[in-house]
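1. predicted model and sequence follow; I will ask about them next.
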Amino acid sequence: MEFQKITSGKNKTQILHMGFRMQWNKGPQGPNDTTYYNCVEKSCKATLATVGIDDITLKFHRHQMH
């Protein structure tokens, strides 16, 4: 699964994955520094989690169509 770390117009970190642009929701937390993201489209319930701060790896991506 390939994903890309991007920066929003407001200089916030976002994740681009499978056509979804994900914004930071909460984290990093826990022993693995898990960070959670939600889709930027308000009606979309897609979520994504990453592990790590410096070397980010994708933990899961639950998605549905926009």
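-> Happy to help now that I have it. Since this is a predicted model, take the numbers as computed values, not measurements. Residues are numbered from 1 along each chain as shown.

2. may I ask you to confirm that Ala49 is in contact with Thr34?
-> Yes - counting by C-beta atoms under 8 Å, Ala49 touches Thr34, with 5.5 Å between them. All C-beta spots, glycine's among them, are computed from the backbone N, C-alpha and C.

3. how about stretch 39-49: buried residues?
-> Across stretch 39-49, burial judged by 16 or more other C-beta atoms under 10 Å covers 39, 44, 46-49.

4. among those residues, which are located in helices?
-> Among the buried residues of stretch 39-49, no member falls in helices (criterion: DSSP state H).

5. out of those residues, the closest to Met22 would be?
-> Leu48 (4.8 Å; C-beta to C-beta).

6. who does the closest one bridge with?
-> Bridge pairing for Leu48 (DSSP bridges) gives the partners Tyr37, His61.

7. for Leu16, same thing?
-> Gln4, Arg21.

8. which residues touch it?
-> Residues near Leu16 by C-beta atoms under 8 Å, 6 or more residues apart in numbering: 3-6, 22.

9. can I get the residues you listed in a markdown table with neighbour count?
-> Output for these, formatted as a markdown table (neighbours: other C-beta atoms under 10 Å):
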| residue | neighbour count |
| --- | --- |
| Phe3 | 17 |
| Gln4 | 9 |
| Lys5 | 11 |
| Ile6 | 12 |
| Met22 | 26 |
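
10. so can I have a markdown table of those showing pLDDT and distance to Gln29?
-> Output for the contacts of Leu16, formatted as a markdown table (pLDDT from 0 to 100; distance: C-beta to C-beta, whole Å):
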| residue | pLDDT | distance to Gln29 |
| --- | --- | --- |
| Phe3 | 78 | 20 |
| Gln4 | 85 | 23 |
| Lys5 | 85 | 19 |
| Ile6 | 89 | 22 |
| Met22 | 89 | 17 |
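
11. of those, closest to Thr13?
-> Lys5 (6.4 Å).

12. does the closest one touch Thr13 like I think?
-> Yes - between Lys5 and Thr13 there is a contact at 6.4 Å, judged by C-beta under 8 Å.

13. please consider this matter closed, and thank you.
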